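>>> Predicted structure and sequence below. I'll ask about it afterward.
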Amino acid sequence: MATAISLLTMPQLSTATVFGPIITPRNPYIGQDGLATMHGDPASSDTTPFAGPGNATITSVRRALQSACPTLLATSDGYVFGLCTTMLTRTPTIHLFDSQQVNSLTELAVAKGNILGGVYAYVDNEDRLVLTNGNNELLRIGKSSNNGKWTLVIADTLPLTPIPSSDSVVGLTPDWQGYVWFATASGLAGYVDPVSRNVATLPLTATDGGVQEEVANSISTSPAGTLISTTYATYLLGRNDTSHTINVLWRQAYDRGPARKPGQLSWGTGSTPTFFGPQSGYEYTVIVDNASPLVNLLVYRTNDGSQICKVPLFQSDNSGSENSPIGSGRSVIVASTYGYPYPALPANAPASEPSSAPFVGGLERVDVLEDDSQGCVVKWVNNNIRSSAVPKLSLSDKKIYTFVRQNRLFPDSTSTGILDNYYYTTIDSETGNIDSKQYVGTGFIFDTLQMAGLIDQDLLLQGTITGVVRVSKA
Ligand SMILES: *[C@@H]1O[C@H](CO)[C@@H](O)[C@H](O)[C@H]1NC(C)=O
Ligand SMILES: *[C@@H]1O[C@H](CO)[C@@H](O)[C@H](O)[C@H]1NC(C)=O
């Protein structure tokens, strides 16, 4: 297999790559790093402290659920929550799996809203799944077993009353004091005090003309505040505990381009904004904008929102990303999703320009220089990786994990079809080279749909459009 790498000239980085740290002290209100949120942790680093199955021979099994399972989260005691959406009725359904065999032990349907929402969720420090339902209630769902029979139990229901019924929660994450922050599709930011059950909200509104901003991705927290990217701008928000209101610590507008790009789900960034940094783990924040023809990686200082660098990514035929970037240490890794075909789009998604495009793929790593006033450098770019899942970085084995989608007969083709092959793929984070690629399955049922996998020790679980694939060492 030919892997073309274009290494750009760059100032030499003095030391070998150091990824991490994960933010310490840990957020005491959330489950384990790497397992508790779709993007791993409250910072949305898309890293895992665990080693994945690696590049030796793997074995894979598919669990058919007739549901797309974009959210797979694990508890501290070896169980996995899958937040799935049934293909026929689009009912959000929670599955409880054992993490080793990934058998569905029990399931629970939750109220469906009038907007497709509720994809994001997290596992709290008591191993309960926290999510919102279609009635804009914050639910905490625990598991219990009686004579080997498992049930999912709603342990708490907290109405988020300020949210109108026409709106729905998109992302939610607890902050370091246990307040649960959320952002809605129509651009309402808020937090709820789980003790007093009071809810504070703030509409996020573009200053240029007062247009409604929308939120299409999840949100992140660190001890510095809550990070939300709308279809126009990125915000760092904080609580004012005197007035019980929300302070905008900074707002940075970005270039949203002339239209939604093919391979994006909204007209704006596809990033869940990410905290990263070499000392505290949150001194920087990063998103990818939607500029045309080339999107830019935008790195800001978390403390004041000042821009460290703006780096154009990829080329005109593959410049766009619907994925949350990986952020760790000084490094950011972004996958191109430009042209990725989704079988369905959110109901409010505007037409894309162009209406469709070939799926070229691509993976690019950018590092913030040690003297960050000097900006960032491209460490590597590999335009021959057709990543079809959100890549994850293992801080243990230093590999990047994803799936690759290819035409069965013409592996270099940039076309996509319902009979494509899907491969479990590991990538060397130092070079961007593929170090292993192993066949998992063929066809629509294996479509990994740019969804995030879950890496637990020596195990990778990947949601597909019709269920879950489990990958382990052979
Ligand atoms: C696995 O990765 C390591 C490190 O990149 C490499 O040295 C080794 O050759 C790879 N093994 C296989 C089977 O690809
Ligand atoms: C917090 O709210 C109080 C009361 O409204 C106000 O006096 C104070 O300036 C606010 N603090 C910040 C940092 O905005």
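Happy to help now that I have it. Ligands and ions are numbered 1, 2, ... in the order given.
>>> got the contact list for the spatially closest residue to Pro343 that is not a sequence neighbour?
Take Pro343 and drop its neighbours on the chain: the residue closest to it by Cβ to Cβ, 6 or more residues apart in numbering is Ile465, 6.8 Å away. The way it works is simple: take the backbone N, C-alpha and C, and place the C-beta from them, glycine included. By Cβ atoms under 8 Å, 6 or more residues apart in numbering, Ile465 lies in contact with 68, 87, 343, 444-445, 447, 449.
>>> How about the residues of the stretch 351-474 of the chain by ligand 1?
Within reach of ligand 1 by Cβ under 6 Å from any ligand atom, the stretch 351-474 of the chain has these residues: 428, 435-436.
>>> can I assume Thr274 is in contact with Ser44?
Yes. At 4.8 Å, Thr274 and Ser44 qualify as touching, with contact defined as Cβ atoms under 8 Å.
>>> And these two? Which one has more around it.
Ser44 (31 against 28; other Cβ atoms under 10 Å).
>>> does that one really touch Asn323, like I thought?
No. Look at Ser44 against Asn323 with Cβ under 8 Å: they stay out of range, at 10.9 Å.
>>> just to revisit the earlier point, adding secondary structure, write the residues of the stretch 351-474 of the chain next to ligand 1 out as CSV.
Converted to CSV, these look like this (DSSP: H, G, I helix; E, B strand; the rest coil):
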residue, secondary structure
Asp428, strand
Asp435, strand
Ser436, strand
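>>> Just the buried subset of those, written out for PyMOL, thanks.
Listed next is the PyMOL selection for buried residues among these, using 16 or more other Cβ atoms under 10 Å:
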select buried, resi 428+436
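>>> And the pLDDT at whatever residue of the stretch 51-200 of the chain ends up closest to ligand 2?
Closest residue of the stretch 51-200 of the chain to ligand 2, Cβ to the nearest ligand atom: Ala200 (11.5 Å). Per-residue pLDDT puts Ala200 at 98.
>>> Please name the nearest non-neighbouring residue to Arg408.
Closest to Arg408 by Cβ to Cβ, 6+ apart is Asn421, at 5.2 Å.
>>> Identify the bridge partners of that neighbour.
Following DSSP bridges, Asn421 is listed with bridge partners Gln406, Thr442.
>>> my guess is it meets Gln406, correct?
Yes. The pair Asn421 / Gln406 is scored as a contact, 5.2 Å apart, by Cβ under 8 Å.
>>> okay, the two: which has more neighbours?
Comparing Asn421 with Gln406 by other Cβ under 10 Å, the one with more neighbours is Gln406, at 20 against 17.
>>> what residues are up against the more buried one?
By Cβ under 8 Å, 6+ apart, the residues touching Gln406 are 386, 413, 420-421, 423.
>>> hmm, back to that, who are the contact partners of the residue nearest to Arg408?
405-408, 439, 441-442.
>>> Could you rerun that using 6 Å?
By Cβ atoms under 6 Å, 6 or more residues apart in numbering, the contact list for Asn421 reads 406, 408, 442.
>>> what do you get for Asn125?
Asn125 touches Tyr29, counting by Cβ under 6 Å, 6+ apart.
>>> count of residues packed around the closest residue to ligand 1 within the chain?
Taking Cβ to the nearest ligand atom, ligand 1 has its nearest neighbour within the chain at Asn55, 3.7 Å off. Asn55: 18 surrounding residues under other Cβ under 10 Å.
>>> what are the bridge partners for the residue nearest to it when sequence neighbours are not counted, then?
In space, and not counting its chain neighbours, Asn55 is closest to Ser436: 3.5 Å by Cβ to Cβ, 6+ apart. Counting by DSSP bridges, Ser436 forms beta bridges with Thr426.
>>> got a list of what Thr337 touches?
263, 321-323, 450.
>>> pLDDT score for Pro346?
As predicted, Pro346 sits at a pLDDT of 85.
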